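Enquirer: Predicted coordinates and the sequence they were generated for:
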Amino acid sequence: MPRTANRLRITIGLAVVAASALVAVASPAQAATAITIDGSSGGRVLDGVGAVSGGGGNSRLLIDYPEPQRSDILDYLFKPGSGAAMQLLKVEIGGDTNSTSGAEPSHEHTRGSINCNRGYEWWLMEQARSRNPGINLVGLAWGAPGWIGNGNFWSNDSIDYLLAWLDCAGTHGLTINYLGGWNEKGYNAGWYKNLRSALNARGYQNVKLVASDDFGWAAADESLRDPAFASAVSVFGSHYVCGYRSAQS
């Protein structure tokens, strides 16, 4: 037998012996940890997986697509058991301002002048809900007209502005499940508490508030120090929780 073959057999034999020795000295396996699953108990809730239509028109062209392609795409997006089958849809509350890649029109250009048919987000939410009546709808402002708070978003003006938007949703037969503050512009705990009170007074007790649609968990930390703020907010959300990947992400 060639010398190389002998060396190979010796090497394999040593590997087998070493493996046997490792098995012999290994400590006994630990007992499995018992986990009890109780479907009736409280805990974290996953509402599902969804997408955002905002940032100044990232889904603007869809309403102009010809049929049947437009309906096919909407089915793929929202129809249960077909394609993405999204369970949440977050839309921009138009604010007449550049919000990333364009501007979406406001329902209230000037104080008290409300038009509930501006923009395409109402149409998109109607299409989503017609395909999935159980889909959760979320509204979030990227910006707002300058008359609000004389440029200060965290004001009573913006609270009235958001209430008017919820009223507009009602004229379209839409129930909004979640409402945010100001996209990636921090938060104001007092404002959220005032918004919660205003929602309850106007019959929107079931609309849940999200804070703060920003980077990090400062709002969640604040809730530990402010019980009233914690009571007002139902969801603490953060963007890019693993870090902003690059200028192109």
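Expert: Yep, it's here.
Enquirer: from here on, contacts and neighbour counts on C-alpha atoms
Expert: Noted.
Enquirer: what residue lies at the spatial centre of the protein?
Expert: Most central residue of the chain, judged by C-alpha distance to the mean C-alpha position with C-alpha atoms, centre = their mean, is residue 90 at 6.6 Å.
Enquirer: in the protein, which strand has the most residues?
Expert: Scanning the chain for the strand with the most residues, using DSSP state E, yields strand 208-215.
Enquirer: what residues does that one touch?
Expert: Defining contact as C-alpha atoms under 8 Å, 6 or more residues apart in numbering, one finds that strand 208-215 is touched by 177-187, 192, 196, 219-220, 232-241.
Enquirer: could you flag which of those are buried?
Expert: The neighbour count (16 or more other C-alpha atoms under 10 Å) marks 177-183, 186-187, 192, 196, 219-220, 232-233, 235-238 as buried among those.
Enquirer: What about the residues you listed, which are in helices?
Expert: Of these, the ones assigned to helices by DSSP state H are 192, 196, 219-220, 232.
Enquirer: what's the following helix or strand after the least confident helix or strand in the chain by mean pLDDT?
Expert: The element with the least model confidence among the helices and strands of the chain, by mean pLDDT, DSSP states H and E, is helix 3-25, at a mean of 33. Going down the chain from helix 3-25, the next helix or strand is strand 50-53, by DSSP states H and E.
Enquirer: Which secondary structure elements does the helix or strand containing residue 159 sit against?
Expert: Applying DSSP H and E as the criterion places residue 159 in helix 156-171. In this structure, helix 156-171 packs against helix 189-201, with contacts taken as 3 or more C-alpha pairs under 8 Å, 6 or more residues apart in numbering; DSSP states H and E.
Enquirer: what inclination does the helix it packs on have with respect to helix 156-171?
Expert: Direction vectors for helix 189-201 and helix 156-171, defined by axes from the mean of the first three to the mean of the last three C-alpha atoms, to 10 degrees, enclose an angle of 40 degrees.
Enquirer: And for residue 114, the neighbour number?
Expert: Using other C-alpha atoms under 10 Å, the number of residues around residue 114 comes to 16.
Enquirer: Same check on residue 242?
Expert: Residue 242: 8 surrounding residues under other C-alpha under 10 Å.
Enquirer: likewise residue 123?
Expert: Counted with other C-alpha under 10 Å, the burial measure for residue 123 works out to 14 neighbours.
Enquirer: repeat for the one 5 residues further on
Expert: With neighbours defined by other C-alpha under 10 Å, the count for residue 128 comes to 25.
Enquirer: Name the helix or strand for it, please.
Expert: Take DSSP H and E as the rule and residue 128 turns out to sit in helix 121-131.
Enquirer: now that helix: mean pLDDT?
Expert: Over the span of helix 121-131, the pLDDT mean works out to 98.
Enquirer: Beyond it, next helix or strand please.
Expert: Toward the C-terminus, helix 121-131 is succeeded by strand 136-141 as the next helix or strand (DSSP H and E).
Enquirer: Show me the strands paired with that next one, marking each as parallel or antiparallel.
Expert: Pairing partners of strand 136-141, with direction, according to DSSP bridges: strand 88-93 (parallel), strand 178-182 (parallel).
Enquirer: from the middle of its chain, how far away would the shortest one be?
Expert: If you compare the mean C-alpha spot of strand 178-182 with that of the full chain, they lie 10 Å apart, counting by C-alpha atoms, centre = their mean, to the nearest Å.
Enquirer: Could you tell me which strands sit next to the longest strand of the chain in the sheet, and their orientation?
Expert: Taking DSSP bridges as the criterion, strand 208-215 sits next to strand 178-182 (parallel), strand 235-239 (parallel) in its sheet.
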